[in-house]
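below are the sequence and a predicted model; questions follow.
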Amino acid sequence: FPSHDKEIPDTSILAWTTTPWTLPSNLGLAVGLDIDYVTILEKSSGRKLIMAQALLGTFFKKPQDEVEVLKTQKGSDLVGLTYEPLFPFFQNLKEKGAFRVISSDHVTTDSGTGVVHMAPAFGEEDYFACQKAGVPLVNPVDDDGMFTAEVPTYQGKRVKDADKEIIADLKKQGRLYKQDTLQHSYPFCYRSDTPLIYRAVSSWFVAVEKIKENLVNANKETQWVPDHLRDGRFGNWLENARDWAISRNRFWGTPIPIWRNKEGEVVCIGSKEQLEKLSGQSIHDLHIDVVDHIEIPSPTGKSPLKRIEGVFDCWFESGSMPYAQWGYPENNQKNFEQAFPADFIAEGLDQTRGWFYTLMVIGTALFGKAPFKNVIVNGLVLAEDGRKMSKSLRNYPDPNEILNLHGADALRLYLIDSPVVKAQELRFSEKGVFDIVRKILLRWWNAYSFFVNYANIDSFSPKGLAHKSPNILDQWVLSRLNGLIHNTQKEMDAYRLYNIVTGKQ
């Protein structure tokens, strides 16, 4: 990227990327404020280049012989430096703050050049860094992953398919310094096994950052098992919470119930009945293909209001469960008030960013408190070899066979006395279920059967006798019984289920 550095003219900034298809949308270059950068003279070509000092050895086998360092400076000294874009597609945005060096915390000297190409529509770090620096956003990729007319050279091409052509064009223009094949992780669609792309889309948000302090305070009133998760994993997630995008571009789902017109009038619909009243139509189906045809007359005589695009994120709906299950506030007000907040909820560790979070956000936004008092967090149940259980791999025993062979009680006891109820992973073993039968259930049943048989023979009735018995053994048994009842109640009240089975105190 040829820079406009007046102190050292004819100098280029050496930037890098692993996504060539985003280069036509380049609007900025990011550096680390405290990283040391050098302006070098490449002796073999006579080119002057700016890059991170720590990465010279990546590009030159003998930097001391191959380059001459003309200048050393911090990344903070480079911020604001302008440069010539790779492509002419968005030249007009130069006056709006594009094509200059900005800073970003995600820039490192682990690989590359220490200067990262920025396309704010195609990466979270890029987006926030450019937004903070006032760099505009362009998005020349449509919903099908094709380049639009904004980049006519590649219009109609699928972006990943255009990688090779973009690289070839950069070579022709003399703008490509080095090309490598890198092995690194990349997101793929689990259904089609095709590569995914990051792409900015217009979304509706819940302004979570405005209530972040309330979320943190509400969380402090809850109890978690294990207790460290409340202020640890979950608490840290709340502390760093960002506004929540609740809209999705899909057909299946609850349509976002917002109607608006081009003049800016907006109505948020609260029920089917309200929509029928405002639209004057009878409505029996709330799917997109029906409600998108429904218009609401403007209350001020302007153009009719039409529904916005998008459906709710399903997590928004799951987080609304405490209210939706009762049809509240239209129905069952008393039932809701008696059941809110819930005594306890239970789900997996991954729900710290899912259901636990969405419940907390919506409950705090509506009522100023958490919608639950206690949380039991379980870990993942894995196959015996440590891999995730999979239907395709069939790497787990048939649950019905486990129940038929060992019984439901054995399975319950095995799971409740395992690391999985402490938010830890469990490698499921059928032998473990069998051991519960052999070591616990059979012993218990044998002791019970022995007692019942002889109690019936002797016509024994325990009512009132144990309390008055002078026999020290009777008194000891009764003491143990009441100790068991006391400790069980205490551990149940604290939702420490793993202590109920093992008898730990």
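Thanks, I have it. The model shown is predicted, which means the values in this text are computed figures rather than measured ones. Numbering: from 1, shown residues only.

ramachandran angles for residue 26?
phi -60, psi 130 (degrees, to the nearest 10).

ok, it to residue 319 distance?
38 Å (Cβ to Cβ, to the nearest Å). C-beta coordinates here come from the backbone N, C-alpha and C atoms, glycine included.

ok, which stretches of the stretch 151-300 of the chain are helices?
For the stretch 151-300 of the chain, the helices defined by DSSP state H, counting those that start in this stretch cover 163-172, 212-219, 228-229, 235-239, 272-279, 288-291.

only the buried residues of stretch 328-335, if you could.
Judged by neighbour count (16 or more other Cβ atoms under 10 Å), stretch 328-335 contains these buried residues: residue 328.

kindly report the same for stretch 131-141.
Neighbour-count burial for stretch 131-141 flags 133, 135, 137, 138, 139, 140, 141 (criterion: 16+ other Cβ under 10 Å).

now tabulate the residues you listed in TSV and tack on distance to residue 172 and secondary structure.
As requested, the buried residues of stretch 131-141 are exported to TSV (distance: Cβ to Cβ, whole Å; DSSP: H, G, I helix; E, B strand; the rest coil):
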residue	distance to residue 172	secondary structure
133	31	helix
135	27	coil
137	28	coil
138	23	coil
139	26	coil
140	21	coil
141	23	strand
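
mind listing what's buried along stretch 438-454?
Going by 16+ other Cβ under 10 Å, stretch 438-454 has these buried residues: residue 440.

what average pLDDT does that stretch get?
The average pLDDT within stretch 438-454 is 92.

who's in contact with that stretch?
Stretch 438-454 has contacts (Cβ atoms under 8 Å, 6 or more residues apart in numbering) with 407, 409, 410, 413, 460.

from the chain's centroid, how far away is it?
The chain centre lies 49 Å from the centre of stretch 438-454; the measure is Cα atoms, centre = their mean, to the nearest Å.

same check, this time on stretch 237-256
11 Å.

quick one: end-to-end length of it, please.
26 Å (Cα to Cα, to the nearest Å).

how about stretch 108-124?
Per Cα to Cα, stretch 108-124 runs 16 Å from first to last residue.

and that stretch, average pLDDT?
Rounded mean pLDDT across stretch 108-124 is 92.

now it: buried residues?
For stretch 108-124, by 16+ other Cβ under 10 Å, it's 109, 112-123.

now residue 125. Nearest residue, chain neighbours left out?
In space, and not counting its chain neighbours, residue 125 is closest to residue 106: 4.3 Å by Cβ to Cβ, 6 or more residues apart in numbering.

and residue 289, by the same measure?
Nearest to residue 289 is residue 251, by Cβ to Cβ, 6+ apart, at 7.9 Å.

wait, residue 130 sits on residue 121?
No: using Cβ atoms under 8 Å, residue 130 is not in contact with residue 121; the gap is 9.2 Å.

from residue 81, how far off is residue 70?
15 Å.

which residues touch stretch 331-339?
Under Cβ under 8 Å, 6+ apart, the answer for stretch 331-339 is 322, 323, 326, 328, 329.

ditto for stretch 54-72
Counting by Cβ under 8 Å, 6+ apart, 7-8, 35-44, 48, 51, 53, 109, 111-114, 178 sit against stretch 54-72.

next one: stretch 227-244
205-209, 212, 215-216, 219-220, 222-224, 349, 352-353, 356-357, 360-361, 375, 377, 423.

which secondary structure element of this structure has the lowest mean pLDDT?
helix 465-468 (a mean of 62; mean pLDDT, DSSP states H and E).

what comes up buried for the helix or strand just after that one?
Sequence order places helix 472-493 as the next helix or strand after helix 465-468, per DSSP states H and E. Under the neighbour-count criterion of 16+ other Cβ under 10 Å, helix 472-493 has residue 491 buried.

tell me what helix 472-493 is packed against?
The contact analysis (3 or more Cβ pairs under 8 Å, 6 or more residues apart in numbering; DSSP states H and E) places helix 472-493 against helix 465-468, helix 497-502.

distance of residue 124 relative to residue 152?
Distance from residue 124 to residue 152, by Cβ to Cβ: 28 Å.

repeat that for residue 215.
47 Å.

just want to know which of these two has more residues nearby.
Higher neighbour count among residue 215 and residue 152: residue 215, with 22 against 11, using other Cβ atoms under 10 Å.

what separation do you get for that one and residue 243?
Distance from residue 215 to residue 243, counting by Cβ to Cβ: 13 Å.

shared neighbours, those two?
Between them, residue 215 and residue 243 share the contacting residues residue 208, judged by Cβ under 8 Å, 6+ apart.

coming back round to it: for the helices of the stretch 151-300 of the chain, which one sits closest to residue 473?
Nearest to residue 473 among these is helix 228-229; the distance by Cβ to Cβ comes to 42.8 Å.

what about residue 336, which SS state?
Of the three states, residue 336 takes helix under DSSP: H, G, I helix; E, B strand; the rest coil.
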